[in-house]
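>>> My questions concern the predicted model and sequence given below.
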Amino acid sequence: MKFEIDTRDDLVTVLDPELIRPIDYLRPALGITTYLLCYLSMLAIGVSLLPLHFSVSFLIGSLAGGLSTLPVFIGAIGIYHYVWRKRLRENPEAFSQHISLDIPSTQAFELCLAAVSQLPKAKIEALDEEKKAIAVRSKGNFWITVDRVVLIKVESAKTGGSRITASSRIKLTRLREAFIKLVWGPRWYPIVFRVDINKNKKLLDQIAVYIRSIPNWDHSYSPAQLDVDSSAA
């Protein structure tokens, strides 16, 4: 089955402790400033048809609200940076987990399929048996938590066993993801998609615990047993 979900690996970027430099704070600050200017310009055009006294009052209020948003966003940049550095230093398993097994990669891939089937509110969106990659979407709790995508890759080890890499990130609509990338920039958006309230780590821990609990997996899944929604990718 074709692996349709985006598999571009930004994990290497996130694990680089030298990714963010002081000058990189300018990029998201510039992004949000540009967005606010565009937003206020569109508002100005929209209210220009209204009575003058009303349009002036509305624009002054909108400008004040926009300016107050800027320092809040700058503060959010600092928080994301601090949390990312802290987890990278103390708990890198929050971003990715690696598991080595003494079984062939084919069996390890089957074991991963079993592991993701145990995740709550999860559905396999796509898989590629040739590349030994699985993408699983875990549903959030409506307005409380967003969806996540868990990406699992299985590789053959030189020792004859296999190595499993699992990572997780938030999953939004394509429009929202494009907006975040545009505002935050290429260095920051991988961090924004992976730094959360440890929901990503909890998913990875569940997968790792299951895989380690059955190191000698010998069951095989048939395509009919898998609930794969490749159209949702």
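Arrived safely, thanks for sending.
>>> how about the longest helix seen in the chain: buried residues?
Longest helix of the chain, by residue count under DSSP state H: helix 52-90. Neighbour-count burial for helix 52-90 flags Ser55, Ser62, Gly66, Phe73, Ile77, Tyr80, His81, Trp84, Arg87, Leu88 (criterion: 16 or more other Cβ atoms under 10 Å). Where you see a C-beta, it was placed from the backbone N, CA and C, and this is true even at glycine.
>>> now, among those, which is nearest to Lys153?
Among the buried residues of helix 52-90, Leu88 lies closest to Lys153 (Cβ to Cβ), at 20.6 Å.
>>> Does the closest one touch Glu18 like I think?
No. Applying Cβ atoms under 8 Å, one finds Leu88 not in contact with Glu18, separated by 10.7 Å.
>>> Which other helices and strands does the strand or helix carrying Arg163 contact?
Arg163 belongs to strand 162-171 when assigned by DSSP states H and E. Using 3 or more Cβ pairs under 8 Å, 6 or more residues apart in numbering; DSSP states H and E, the elements in contact with strand 162-171 are strand 96-101, helix 105-116, strand 147-156, helix 189-194, helix 199-213.
>>> Ok, which of the ones you listed comes nearest Leu40?
Short answer: helix 189-194, nearest of those by Cβ to Cβ, at 23.9 Å.
>>> Run the chain-centre distance for the closest one.
6 Å (Cα atoms, centre = their mean, to the nearest Å).
>>> Mind listing the residues bridging to the residue lying closest to Leu203 once chain neighbours are set aside?
Distances taken as Cβ to Cβ, 6 or more residues apart in numbering place Ser168 nearest to Leu203, at 5.0 Å, with adjacent residues excluded. Beta-bridge pairing of Ser168, defined through DSSP bridges, involves Val150.
>>> pLDDT at the most centrally placed residue in the chain, what is it?
Residue closest to the average C-alpha location in the chain (Cα atoms, centre = their mean): Arg169, at 2.3 Å. pLDDT recorded at Arg169 is 91.
>>> Over to Asn91?
Per the predicted model, pLDDT is 89 at Asn91.
>>> Contacts only, for the nearest residue to it once chain neighbours are set aside.
Closest residue to Asn91 apart from its sequence neighbours, by Cβ to Cβ, 6+ apart: Lys201 at 7.5 Å. Under the criterion of Cβ atoms under 8 Å, 6 or more residues apart in numbering, the contact list for Lys201 reads Asn91, Glu93, Ala94, Ser168.
>>> let's go with 10 Å and repeat that
The contact partners of Lys201, taken as Cβ atoms under 10 Å, 6 or more residues apart in numbering, are Arg87, Asn91, Glu93, Ala94, Phe95, Ser96, Gln97, Ser168.
>>> so the fourth one makes contact with Ala166?
What it means is Ala94. No. Using Cβ atoms under 10 Å, Ala94 is not in contact with Ala166, being 11.9 Å away.
>>> Got the domain ranges for this structure?
If you go by automatic domain parsing, the domain ranges for the chain are 21-90, 93-232.
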